[in-house]
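Chemist: Sequence below, structure please.
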Amino acid sequence: MEADLFQRLLDLWYDPLYRFALSLSRNRDSALDLTQHTFACWAEKGGALRDTSKAKAWLFTVLYREFLRNERMRRREPTADDADSFDRIEAEGRSSYDIIDGHAAMQALQSVDEIHRAPLALFYLENNSYREIAEILDVPIGTVMSRMSRGKEQLRGILKINQERRFKVIEGKRASKGASREQ
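Modeler: Prediction:
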(Lines give C-alpha, C1' and ligand atoms only; values in the text may rest on other atoms or scores of the structure.)
Protein backbone atom coordinates (compact mmCIF):
# COMPACT_ATOMS: atom_id res chain seq x y z
CA MET A 1 0.00 0.00 0.00
CA GLU A 2 2.83 2.44 0.82
CA ALA A 3 4.41 1.87 -2.60
CA ASP A 4 1.04 2.64 -4.21
CA LEU A 5 0.73 5.85 -2.21
CA PHE A 6 4.26 6.89 -3.13
CA GLN A 7 3.54 6.27 -6.83
CA ARG A 8 0.24 8.20 -6.65
CA LEU A 9 2.00 11.14 -4.98
CA LEU A 10 4.77 11.00 -7.54
CA ASP A 11 2.28 10.99 -10.41
CA LEU A 12 0.17 13.76 -8.88
CA TRP A 13 2.80 16.15 -7.52
CA TYR A 14 6.09 15.65 -9.38
CA ASP A 15 5.38 18.22 -12.13
CA PRO A 16 3.88 20.88 -9.82
CA LEU A 17 6.76 20.47 -7.36
CA TYR A 18 9.29 20.71 -10.18
CA ARG A 19 7.66 23.89 -11.52
CA PHE A 20 7.66 25.39 -8.03
CA ALA A 21 11.32 24.44 -7.56
CA LEU A 22 12.17 25.91 -10.96
CA SER A 23 10.42 29.17 -10.12
CA LEU A 24 12.42 29.39 -6.90
CA SER A 25 15.84 28.22 -8.04
CA ARG A 26 15.80 29.51 -11.65
CA ASN A 27 17.89 26.50 -12.63
CA ARG A 28 16.74 23.16 -14.06
CA ASP A 29 19.40 21.09 -12.33
CA SER A 30 18.65 22.67 -8.95
CA ALA A 31 14.92 22.22 -9.54
CA LEU A 32 15.44 18.52 -10.30
CA ASP A 33 17.60 18.12 -7.20
CA LEU A 34 15.02 19.84 -5.01
CA THR A 35 12.19 17.73 -6.41
CA GLN A 36 14.12 14.49 -6.02
CA HIS A 37 15.17 15.47 -2.49
CA THR A 38 11.52 16.08 -1.63
CA PHE A 39 10.46 12.62 -2.76
CA ALA A 40 13.48 11.05 -1.05
CA CYS A 41 12.32 12.70 2.17
CA TRP A 42 8.84 11.32 1.60
CA ALA A 43 10.26 7.82 1.08
CA GLU A 44 12.20 8.18 4.32
CA LYS A 45 9.76 10.07 6.57
CA GLY A 46 6.41 10.33 4.79
CA GLY A 47 5.03 7.26 6.51
CA ALA A 48 4.95 9.26 9.74
CA LEU A 49 2.29 11.56 8.28
CA ARG A 50 -0.97 10.27 9.71
CA ASP A 51 -3.31 12.29 7.48
CA THR A 52 -2.31 11.62 3.87
CA SER A 53 -4.67 14.37 2.71
CA LYS A 54 -1.95 16.75 3.94
CA ALA A 55 0.71 15.14 1.73
CA LYS A 56 0.59 18.02 -0.78
CA ALA A 57 1.37 20.66 1.85
CA TRP A 58 4.02 18.39 3.38
CA LEU A 59 5.78 17.92 0.02
CA PHE A 60 5.72 21.62 -0.89
CA THR A 61 6.94 22.56 2.60
CA VAL A 62 9.84 20.12 2.42
CA LEU A 63 10.83 21.45 -1.00
CA TYR A 64 10.62 25.09 0.12
CA ARG A 65 12.64 24.48 3.28
CA GLU A 66 15.31 22.62 1.32
CA PHE A 67 15.46 25.52 -1.12
CA LEU A 68 15.96 27.96 1.77
CA ARG A 69 18.64 25.72 3.29
CA ASN A 70 20.44 25.54 -0.07
CA GLU A 71 20.21 29.32 -0.47
CA ARG A 72 21.78 29.89 2.94
CA MET A 73 24.61 27.53 2.02
CA ARG A 74 25.01 29.11 -1.42
CA ARG A 75 25.28 32.58 0.05
CA ARG A 76 28.10 31.35 2.25
CA GLU A 77 29.88 29.57 -0.62
CA PRO A 78 29.27 31.01 -4.12
CA THR A 79 29.51 28.52 -6.99
CA ALA A 80 29.62 28.57 -10.77
CA ASP A 81 25.93 27.59 -10.78
CA ASP A 82 25.05 31.07 -9.52
CA ALA A 83 25.58 32.41 -13.03
CA ASP A 84 22.97 30.05 -14.50
CA SER A 85 19.82 31.79 -15.62
CA PHE A 86 16.24 30.61 -15.54
CA ASP A 87 15.44 28.03 -18.22
CA ARG A 88 11.93 28.27 -19.54
CA ILE A 89 9.64 25.29 -19.80
CA GLU A 90 8.50 24.61 -23.35
CA ALA A 91 4.75 24.39 -23.66
CA GLU A 92 3.23 22.21 -26.35
CA GLY A 93 0.17 23.33 -28.22
CA ARG A 94 0.56 27.02 -27.43
CA SER A 95 1.05 29.85 -29.89
CA SER A 96 4.43 31.56 -30.07
CA TYR A 97 2.80 34.72 -28.67
CA ASP A 98 1.60 32.80 -25.60
CA ILE A 99 5.06 31.32 -25.08
CA ILE A 100 6.71 34.74 -25.44
CA ASP A 101 4.21 36.33 -23.05
CA GLY A 102 4.57 33.42 -20.65
CA HIS A 103 8.34 33.63 -20.90
CA ALA A 104 8.24 37.39 -20.21
CA ALA A 105 5.99 36.82 -17.20
CA MET A 106 8.29 34.08 -15.86
CA GLN A 107 11.33 36.31 -16.32
CA ALA A 108 9.55 39.09 -14.46
CA LEU A 109 8.61 36.65 -11.68
CA GLN A 110 12.28 35.70 -11.37
CA SER A 111 13.09 39.37 -10.71
CA VAL A 112 10.68 39.61 -7.78
CA ASP A 113 12.30 39.49 -4.34
CA GLU A 114 12.63 35.92 -3.10
CA ILE A 115 10.35 36.47 -0.11
CA HIS A 116 7.51 37.50 -2.43
CA ARG A 117 8.34 35.10 -5.29
CA ALA A 118 7.46 31.91 -3.40
CA PRO A 119 3.87 32.85 -2.55
CA LEU A 120 3.31 34.26 -6.05
CA ALA A 121 4.62 31.06 -7.63
CA LEU A 122 2.53 28.87 -5.35
CA PHE A 123 -0.58 30.91 -6.12
CA TYR A 124 -0.24 31.56 -9.85
CA LEU A 125 1.77 28.56 -11.02
CA GLU A 126 0.47 25.89 -8.66
CA ASN A 127 -3.05 27.23 -7.95
CA ASN A 128 -2.72 26.97 -4.19
CA SER A 129 -5.11 28.86 -1.94
CA TYR A 130 -3.79 31.45 0.52
CA ARG A 131 -4.46 28.97 3.33
CA GLU A 132 -2.43 26.26 1.56
CA ILE A 133 0.39 28.72 0.90
CA ALA A 134 0.42 29.70 4.58
CA GLU A 135 0.69 26.04 5.52
CA ILE A 136 3.43 25.33 2.96
CA LEU A 137 5.53 28.37 3.90
CA ASP A 138 4.75 27.96 7.60
CA VAL A 139 3.63 31.57 8.02
CA PRO A 140 0.33 33.16 9.10
CA ILE A 141 -2.26 33.75 6.38
CA GLY A 142 -1.95 37.51 6.96
CA THR A 143 1.74 37.28 6.08
CA VAL A 144 0.83 35.45 2.87
CA MET A 145 -1.68 38.17 2.00
CA SER A 146 0.89 40.88 2.67
CA ARG A 147 3.62 39.13 0.66
CA MET A 148 1.20 38.51 -2.21
CA SER A 149 0.16 42.16 -2.26
CA ARG A 150 3.72 43.44 -2.22
CA GLY A 151 4.82 40.79 -4.70
CA LYS A 152 2.03 41.68 -7.14
CA GLU A 153 2.96 45.34 -6.86
CA GLN A 154 6.60 44.53 -7.55
CA LEU A 155 5.65 42.23 -10.44
CA ARG A 156 3.46 44.93 -12.02
CA GLY A 157 6.35 47.40 -11.80
CA ILE A 158 8.78 44.97 -13.40
CA LEU A 159 6.33 44.13 -16.20
CA LYS A 160 5.69 47.83 -16.83
CA ILE A 161 9.43 48.59 -17.07
CA ASN A 162 9.96 45.61 -19.40
CA GLN A 163 7.04 46.70 -21.59
CA GLU A 164 8.44 50.24 -21.82
CA ARG A 165 11.84 48.84 -22.82
CA ARG A 166 10.29 46.67 -25.55
CA PHE A 167 8.29 49.65 -26.82
CA LYS A 168 11.46 51.79 -27.03
CA VAL A 169 13.23 49.04 -28.99
CA ILE A 170 10.31 48.77 -31.42
CA GLU A 171 10.13 52.54 -31.83
CA GLY A 172 13.90 52.66 -32.38
CA LYS A 173 13.64 50.05 -35.14
CA ARG A 174 10.79 51.94 -36.80
CA ALA A 175 12.76 55.18 -36.65
CA SER A 176 15.85 53.57 -38.20
CA LYS A 177 13.77 52.00 -41.00
CA GLY A 178 12.11 55.33 -41.70
CA ALA A 179 15.50 57.08 -41.87
CA SER A 180 16.90 54.47 -44.25
CA ARG A 181 13.87 54.82 -46.57
CA GLU A 182 14.31 58.61 -46.77
CA GLN A 183 17.89 58.26 -47.96
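
Chemist: Quick check: what element follows the worst-scoring helix or strand of the chain on mean pLDDT along the chain?
Modeler: The helix or strand with the lowest mean pLDDT-type score in the chain, counting by mean pLDDT, DSSP states H and E, is helix 96-111 (a mean of 68). Tracing the chain past helix 96-111, the next element assigned as helix or strand by DSSP states H and E is helix 114-120.

Chemist: so where is the protein shaky, pLDDT-wise?
Modeler: In the predicted model of the chain, residues 1, 77-102, 167, 169-170, 172-183 satisfy pLDDT under 70.

Chemist: 90 instead?
Modeler: Filtered on pLDDT under 90, the chain yields the residue ranges 1-6, 25-26, 43, 45-54, 70-111, 114, 124-127, 155-156, 158-183.

Chemist: Centroid-nearest residue for the protein?
Modeler: Nearest to the mean C-alpha position of the chain, counting by C-alpha atoms, centre = their mean, stands residue 23 at 2.0 Å.

Chemist: which stretches of the chain form helices?
Modeler: For the chain, applying DSSP state H gives helices covering 2-25, 28-45, 55-76, 96-111, 114-120, 130-137, 141-182.

Chemist: Give me the nearest residue to the residue nearest to the centre of the chain, chain neighbours excluded.
Modeler: By the measure of C-beta to C-beta, 6 or more residues apart in numbering, the closest residue to residue 23 outside its immediate chain neighbours is residue 121, 3.9 Å from it. For glycine as for every other residue, the C-beta is placed from the backbone atoms N, C-alpha and C.

Chemist: Test my guess that the one you found contacts residue 25.
Modeler: No - the pair residue 121 and residue 25 does not pass the contact test of C-beta atoms under 8 Å, sitting 10.8 Å apart.

Chemist: picking that back up, contacting residues around the residue nearest to residue 23?
Modeler: Residue 121 makes contact with 19, 20, 23, 24, 109 under the criterion C-beta atoms under 8 Å, 6 or more residues apart in numbering.

Chemist: most neighbours, which of those residues?
Modeler: Neighbours here are counted as other C-beta atoms under 10 Å. On that basis the top member of those is residue 20, with 27 neighbours.

Chemist: got a list of what that residue touches?
Modeler: The contact partners of residue 20, taken as C-beta under 8 Å, 6+ apart, are 60, 63, 64, 121, 122, 125, 126.

Chemist: Next, count neighbours for residue 31.
Modeler: Burial of residue 31, expressed as a neighbour count using other C-beta under 10 Å, amounts to 24.

Chemist: That one contacts residue 15, doesn't it?
Modeler: No - with contact defined as C-beta under 8 Å, residue 31 and residue 15 do not form a contacting pair (11.1 Å).
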